[in-house]
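In: here's my sequence, what's the structure:
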Amino acid sequence: MSGLPRFNASIEAQHQRVNVNEWDDIYVVGDVHGCLSELETLLDELDPSDEDLVVFVGDLIRKGPDNHGVVDLVRSSPNMISIRGNNEEKIIKGTKEVDDLTEEDVDWIRNLPVAISWEGALVVHGGVDPRMDLDDHTVDDLQNTRSLADGGSYDRPFWWEEYEGPAHVFFGHTVMREPAIADYALGLDTGCVYGGELTAYDWHAEELVAVDLGRTVQERKDSKFVEPNSMLVQH
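Out: The predicted structure follows:
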C-alpha cells in the first residue's frame, strides 16, 4: 500500500477518493446500527459545519430502532458519506430484511462504496489482511476481516494487531469495549446499539469524541465484545 491506496479493478470501482483540501475537517464515525438519537447527539457534539466532511465506517443500519432515519439523515447531507458494511451487504443480497427501509433507501445503500480514502488514510468496514496486497482483497475481505487465526473469528491475533501501514486504516465491524488504537489502525465500533458509546474521530484535532445515551437496544454476549490489547491502546 502507498499513501493513496489502490485496489483491483472490481474494488476500485467501489472506492471513493476524498480530496482533503476541499474540507476544513474530517470526522470518522463508528457503527451506528439504526441508533438515530445517538447519532444526532454525536453530531451535536461534533458540530460539523457544511465545510466539514463526516465519514461513516458502515453498518448504518440493522439492530437499531430507526434505520430509515439514519439513512435519510446521511443520504440527505451533502457533507456525509458512508462505507457499505456487512449489514448493508446483507440487505442488498436479501439475506436479511429491515422493515423500516424504503426502496429508495436500499437503492442508495446498493451504491455505497466499500472503501473511502484520502492521502494517508483508508476507511473500510471490517479491515484489511496484512498478509495480502490490497489488489488481492475482495468485498468480503474489506467488510468482514477480523481474526488472522485459524480458529474462530474472535481469536487473536486480530488484523490490526499485525498491520504495519503505511496507510492509516479506520474501521468498524468488531465491537470494542473502547476504541482500538494501533500505530496504523483505529477501530471505532464501541457498541452503540449494545449499550456502549457511539464514537467518532476528529481527523485534524487527532481526538476521539464519544456519546452515550445510557440505553441498550440489543443485548450482546460478553464474548462478542473485544478488549483492545492494552499495548495498543492509548489513554
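In: flag the shaky bits of this structure, pLDDT-wise.
Out: 1-3, 230-235 (pLDDT under 70).
In: which stretches in it count as strands?
Out: For the chain, the strands defined by DSSP state E cover 15-17, 25-29, 52-56, 80-82, 115-118, 121-123, 168-171, 180-182, 185-187, 198-202, 207-211.
In: in its sheet, what does the last one sit against?
Out: What it means is strand 207-211. strand 198-202 (antiparallel) (DSSP bridges).
In: and Val114, what does it touch?
Out: Ile11, Gln14, His15, Ile83, Arg84, Val124, His125, Val139, Leu142, Gln143 (CB atoms under 8 Å, 6 or more residues apart in numbering). For every residue, glycine as well, the C-beta is placed using N, CA and C.
In: ranges for the helices of this protein?
Out: Assigned by DSSP state H, the helices in the chain fall at 9-12, 36-46, 67-75, 86-93, 103-110, 139-144, 159-162.
In: now render those as TSV, adding distance to Leu60 and mean neighbour count.
Out: Formatted as TSV, the helices of the chain follow (distance: least, CB to CB, whole Å; neighbours: other CB atoms under 10 Å):
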stretch	distance to Leu60	mean neighbour count
helix 9-12	20	14
helix 36-46	9	18
helix 67-75	5	20
helix 86-93	7	19
helix 103-110	8	15
helix 139-144	13	20
helix 159-162	22	20
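In: any figure for the gap between the residue nearest in space to the middle of the chain and Glu103?
Out: Residue closest to the mean C-alpha point of the chain, counted by CA atoms, centre = their mean, is Val57 at 2.0 Å. Distance, Val57 to Glu103, using CB to CB, to the nearest Å: 25 Å.
In: likewise for Val226?
Out: In terms of CB to CB, Val226 sits 35 Å off from Glu103.
In: and if you look at Asn79?
Out: Distance, Asn79 to Glu103, using CB to CB: 25 Å.
In: please apply the same query to His68.
Out: Counting by CB to CB, the gap from His68 to Glu103 is 11 Å.
In: likewise Lys63?
Out: 21 Å.
In: next one: Gly34
Out: According to CB to CB, Gly34 stands 18 Å off from Glu103.
In: picking that back up, okay, now the spatially closest residue to the residue nearest to the centre of the chain that is not a sequence neighbour: neighbour count?
Out: Nearest residue to Val57, sequence neighbours excluded (CB to CB, 6 or more residues apart in numbering): Gly172, at 3.7 Å. For Gly172, the neighbour count with other CB atoms under 10 Å is 30.
In: thought Gly172 was touching Asn86?
Out: No - between Gly172 and Asn86 there is no contact, the gap being 9.5 Å when judged by CB atoms under 8 Å.
In: so what sits against both of the two?
Out: With CB under 8 Å, 6+ apart as the test, Gly172 and Asn86 both reach Gly58, Asp59, His125, Gly126.
In: which of these sits closest to Lys96?
Out: Closest approach to Lys96 among the shared contacts of Gly172 and Asn86 (CB to CB): Asp59, at 11.9 Å.
In: what separates the nearest residue to Val209 once chain neighbours are set aside from Gly191, distance-wise?
Out: Leaving out its chain neighbours, the residue that sits closest to Val209 by CB to CB, 6+ apart is Ala200, at 4.9 Å. Ala200 is 14 Å from Gly191, where distance means CB to CB.
In: between the two, which is the more surrounded one?
Out: Neighbour totals were compared for Ala200 and Gly191, and Ala200 leads with 27 against 24 (other CB under 10 Å).
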